[in-house]
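Peer 1: sequence-free structure coming up:
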């Protein structure tokens, strides 16, 4: 039995007049969406009888959310495809996931990337008779999200119904006073797994999901939505409040009850000021990779003595479905009080990447019969059992919450410049905003030309804000490119 | 200072920040019309405009910038205040 499917099918009934979604200032009660979900469910039953994985074109419409819900309530697997992402990336996703059918808006269908698949347009059918399926096998994949890969090939992370159920059970154990009147902010694209919590948790309890407008600038839209729609529960990436920081003195959000942060380091110096803007909210720093389903550790910030490491707020302890260990380079558990690579096990953990045995072998391992995932995050555990994030074992970074392999940017920059060496670096500016810099040896291409070429291969959040020309790269004592020396050349 | 003069300066600022030498702005241009004009570059653009004109925008002003024309109008209002 999958508990969350029973919960959402209970919420979506013709008698429920509560608001389920607010999208572009329009309210959609649960009762009004139920028939749309049933219509798409019938469409899937008729047209995709033997297909498990179904693509969904991301566009922040009620049809998109109804499509996702219809897929879940059919026991199938959704794979989001973002029309704004580069075509080659979407083609790789369609191929890797083996998609034959995509649900979505006709306006995107003209793109060649959809030539190889059947595109079904979600439409309301007043007489559609489709029964919600709630007895799906927990081992079945619920969704697959693709993350940045070092050589330009995205990695598919399948998450099962059982994984989602384990997450939601742990989530509601902690946030146990959430109820149907609560209003949840949903600021994430469907390609980002924090979206799953932001739309699914409220629907489980009959609360409302408030998405961001399609136009405008994201961090300003977030503020407007928080204020105008009296949001009570907001999961955000820290960079959004970093961008709002110059205006904190003007912000007052008394309706907010829960302010959660995930996706990148939360800075205590910023959140301390943010707390003054949200007098009635508790602040939580939550942590988790896509592979461990949305988030799996959490830390409630106390009024005083917030635990930090280099100003980064502690990521707390495991939620109930998760166990964490820290290991050293020999894969032995790190000694108490020592840093180690964070490894995660438990019922939120993915079964492994799609069609990628090599990567699976590299990052999943068994210890005493328990399967663990190596996150690449270096952490420290204190005597209370709380974890602090200290850095990475590789060159992966988080940009606006998105997981980015710097080597993927370097890979394409090199390819676009006939093999000129390139190094990507993230540097935090004076306003504590992370900026992406690309150093390149390429001399016969303008910044604008290089950026235009990169945009054909990389999504917007991976496009550098600054390009610097170098004749040679500084080397460290090991003969490797000295990234610290490059970073030191940039203004503080 | 006229709207045309401010628009011309603002266009130069946008060209530099967004690294688009051929960029052309009108008062009706919005973030959706310009590739690369996102949250992060918006902060950089606002910052550059504030520095250039030695003005400071409030959040309730920035929120109402629906297009480049609104931004220019706010600059003019602040300069004449």
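Peer 2: Alright, I've got the coordinates. This structure is a prediction, so every number in the text was calculated from the model and none was measured.
Peer 1: what comes into contact with the helix ranked longest in chain A?
Peer 2: Counting residues, the longest helix found in chain A (DSSP state H) is helix A:30-47. Contacts to helix A:30-47, defined as CB atoms under 8 Å, 6 or more residues apart in numbering or on different chains, come from residues A:11-21, A:54, A:62-63, A:65-67, A:69-71, A:73-74, A:76, A:101, A:103, A:118, A:120, A:122-126, A:128-130, A:132, A:206. (C-beta placed from N, C-alpha, C; glycine too.)
Peer 1: any idea how far residue A:140 is from residue A:412?
Peer 2: Distance from residue A:140 to residue A:412, counting by CB to CB, to the nearest Å: 35 Å.
Peer 1: And the pLDDT at residue A:315?
Peer 2: If you check residue A:315, the pLDDT there is 98.
Peer 1: check contacts around it.
Peer 2: A:285-287, A:297-299, A:379, A:386-389.
Peer 1: One more: residue A:247?
Peer 2: Residue A:247 makes contacts with A:223, B:58-59, B:62, as judged by CB under 8 Å, 6+ apart.
Peer 1: Could I get the phi/psi values of it?
Peer 2: phi -110, psi 10 (degrees, to the nearest 10).
Peer 1: Next, find the distance separating it from residue A:216.
Peer 2: In terms of CB to CB, residue A:247 sits 16 Å off from residue A:216.
Peer 1: Just give me the residue right at the centre of chain A.
Peer 2: The structure's chain A has its C-alpha centroid closest to residue A:192; by CA atoms, centre = their mean the separation is 3.0 Å.
Peer 1: quick one on the thing from earlier: out of the contacts of residue A:247, which end up buried?
Peer 2: Among these, those classed as buried by 16 or more other CB atoms under 10 Å in any protein chain shown are A:223, B:59, B:62.
Peer 1: What residues does chain A have near chain B?
Peer 2: Residues of chain A found near chain B (CB under 8 Å from any CB of the partner chain) are A:215-220, A:223-224, A:239-240, A:243-244, A:247, A:250-251, A:400, A:431, A:433, A:435, A:447-448, A:451, A:455, A:460, A:463, A:465, A:467.
Peer 1: can you do 7 Å?
Peer 2: Applying CB under 7 Å from any CB of the partner chain, we find that chain A lies next to chain B at A:215-220, A:224, A:243, A:247, A:250-251, A:433, A:447-448, A:451, A:460, A:465.
Peer 1: Just those: which are in strands?
Peer 2: Among the residues of chain A next to chain B, none falls in strands (DSSP state E).
Peer 1: Make a ChimeraX selection of the buried ones in the residues you listed.
Peer 2: Remark: buried members of those, expressed as a ChimeraX selection using 16+ other CB under 10 Å:
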select /A:216,217,218,219,220,243,247,251,433,447,448,451,460,465
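Peer 1: Identify the residues contacting the nearest residue to residue B:2 once chain neighbours are set aside.
Peer 2: Of all residues not flanking residue B:2 in the chain, residue B:76 sits nearest, at 7.9 Å (CB to CB, 6 or more residues apart in numbering or on different chains). Residue B:76 is in contact with B:1, B:3, B:6, counting by CB atoms under 7 Å, 6 or more residues apart in numbering or on different chains.
Peer 1: Taking chain A, what residue is nearest to chain B?
Peer 2: Of all residues in chain A, residue A:247 sits closest to chain B, at 3.6 Å by CB to the nearest CB.
Peer 1: Alongside chain A, which residues does chain B contribute?
Peer 2: Residues of chain B found near chain A (CB under 7 Å from any CB) are B:19-21, B:30-32, B:38-40, B:42-43, B:58-60, B:62-63.
Peer 1: Narrow these to those that are buried.
Peer 2: Buried by 16+ other CB under 10 Å: B:19-20, B:30-31, B:38-40, B:42-43, B:59, B:62-63, out of these.
Peer 1: Pick out whichever of those residues sits closest to chain A.
Peer 2: Nearest to chain A out of these is residue B:59 (CB to the nearest CB; 3.6 Å).
Peer 1: Make sure the closest one is actually in contact with residue A:248.
Peer 2: No - using CB atoms under 7 Å, residue B:59 is not in contact with residue A:248; the gap is 9.0 Å.
Peer 1: As a markdown table, the buried ones among the contacts of residue A:247 with distance to residue A:80 and pLDDT would be great.
Peer 2: Shown next, in a markdown table, are those (distance: CB to CB, whole Å; pLDDT from 0 to 100):
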| residue | distance to residue A:80 | pLDDT |
| --- | --- | --- |
| A:223 | 26 | 96 |
| B:59 | 32 | 96 |
| B:62 | 31 | 94 |
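Peer 1: ok, back up a step: what two of the residues of chain B next to chain A are the furthest from one another?
Peer 2: Pairwise distances across the residues of chain B next to chain A peak at 33.5 Å for B:21 and B:60 (criterion: CB to CB).
Peer 1: quick one, what contacts the nearest residue in space to residue A:118 that is not next to it in sequence?
Peer 2: With sequence-adjacent residues excluded and distances taken as CB to CB, 6+ apart, residue A:118 is closest to residue A:101, at 4.9 Å. Residue A:101 sits next to A:47-48, A:51, A:54-55, A:117-118, A:120 when contact means CB under 7 Å, 6+ apart.
Peer 1: Go through these and flag which are in strands.
Peer 2: Among those, the members falling in strands (DSSP E) are A:54-55, A:118, A:120.
Peer 1: ok, so of those residues, who is nearest residue A:275?
Peer 2: Nearest to residue A:275 among those is residue A:55, at 41.0 Å by CB to CB.
Peer 1: Near the closest one, how many other residues are there?
Peer 2: Neighbour count for residue A:55, taken as other CB atoms under 10 Å in any protein chain shown: 28.
Peer 1: ok, now which ones touch it?
Peer 2: So residue A:55 contacts A:79, A:81, A:94, A:99, A:101-103, A:117 (CB under 7 Å, 6+ apart).
Peer 1: Can I get these in a markdown table including secondary structure?
Peer 2: Formatted as a markdown table, the contacts of residue A:55 follow (DSSP: H, G, I helix; E, B strand; the rest coil):
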| residue | secondary structure |
| --- | --- |
| A:79 | strand |
| A:81 | strand |
| A:94 | helix |
| A:99 | coil |
| A:101 | strand |
| A:102 | strand |
| A:103 | strand |
| A:117 | coil |
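Peer 1: Spell out the residue ranges of the helices in the stretch 101-250 of chain A.
Peer 2: For the stretch 101-250 of chain A, the helices defined by DSSP state H, counting those that start in this stretch cover A:161-174, A:194-204, A:218-228, A:238-244.
Peer 1: Please identify the most buried of those helices.
Peer 2: Each of those was scored by mean neighbour count; the highest is helix A:238-244, a mean of 24, by mean count of other CB atoms under 10 Å in any protein chain shown.
Peer 1: List of residues touching that one?
Peer 2: Contact with helix A:238-244 is made by A:219, A:222-223, A:251, A:261, A:264-267, A:270, A:274, A:400-401, A:432-434, B:39, B:43, as judged by CB under 7 Å, 6+ apart.
Peer 1: Under a three-state scheme, what state does residue A:397 occupy?
Peer 2: The three-state assignment at residue A:397 reads strand, by three-state DSSP.
Peer 1: likewise the one 10 residues further on?
Peer 2: Here residue A:407 is recorded as helix under three-state DSSP.
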